[in-house]
Every structure is written in C-alpha cells, then in structure tokens.
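1. Provide a 3D model corresponding to the input given below.
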Amino acid sequence: MDELVKLVAKKTGITEAQAKTAVELVVNFVKSKLPAPIAAQVDQLLEGGGSLGDVAEGLGGLFGKK
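-> Numbers count the residues shown, from 1 in each chain. Alright, predicted model coming up:
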C-alpha cells in the first residue's frame with residue numbers, strides 16, 4: 001500500500017499522511033462492498049502478497065466462472 005500512497009501523494013501534491021488517509025478510505029469503502037473472501041484478497045494484494053489475477057479469479061468464482 002505504501003507504493004499506492006506515494007503515487008497518490010505525488011500525483012495530487014498532498015502530503016503522504018493525507019494520501020494515506022485517502023487511500024485507506026477508498027480501500028475500506030471498496031472492501032465493504034465486496035464479499036469477505038475477495039476483500040481479504042484485496043488486503044493481500046495491497047501488502048504485496050497477491051496479484052490482480054488472484055482477485056479476478058475470486059470475482060469470477062462469485063459468478064460461477066472458474
């Protein structure tokens with residue numbers, strides 16, 4: 001998530017502390033709209049332990065596709 005915070009700070013011209021608050025707010029909002037298993041994969045992705053493919057695969061499973 002640090003990489004995302006730095007990118008937001010750089011692109012918007014706000015401090016890293018402000019960017020971290022913004023990123024956390026958006027991530028928490030998105031996760032609140034997802035089923036728990038997918039939300040956990042988002043956490044894993046932001047911590048550098050997953051991939052977008054893992055998240056996409058999980059979403060596909062929600063719609064009966066694997």
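2. so where's this structure uncertain?
-> Low-confidence segments of the chain (pLDDT under 70): 49-66.
3. Would you indicate which residues of the longest helix seen in the chain are buried?
-> The residue-count maximum for a helix in the chain (DSSP state H) belongs to helix 16-32. Across helix 16-32, burial judged by 16 or more other C-beta atoms under 10 Å covers Ala19, Lys20, Ala22, Val23, Val27, Lys31. All C-beta atoms are positioned from the backbone trio N, CA, C, and that covers glycine.
4. Take those residues and lay them out in CSV including distance to Val5.
-> Formatted as CSV, the buried residues of helix 16-32 follow (distance: C-beta to C-beta, whole Å):
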residue, distance to Val5
Ala19, 5
Lys20, 5
Ala22, 9
Val23, 5
Val27, 10
Lys31, 16
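5. Helices of the chain, start to end?
-> Going by DSSP H, the chain shows helices at 2-12, 16-32, 36-46, 52-62.
6. Tally up the residues packed near the residue nearest to Glu16 when sequence neighbours are not counted, please.
-> Nearest residue to Glu16 in three dimensions, chain neighbours excluded: Ala9, at 4.7 Å (C-beta to C-beta, 6 or more residues apart in numbering). Ala9 has 18 neighbouring residues, counting by other C-beta atoms under 10 Å.
7. Quick check: Ala9 touching Thr15?
-> Yes - using C-beta atoms under 8 Å, Ala9 makes contact with Thr15 at a distance of 6.5 Å.
8. follow-up on the earlier one: next, the angle helix 36-46 makes with the longest helix of the chain.
-> If you take axes from the mean of the first three to the mean of the last three C-alpha atoms, to 10 degrees, helix 16-32 sits at 150 degrees to helix 36-46.
9. tell me what helix 16-32 is packed against?
-> Applying 3 or more C-beta pairs under 8 Å, 6 or more residues apart in numbering; DSSP states H and E, one finds that helix 16-32 contacts helix 2-12, helix 36-46.
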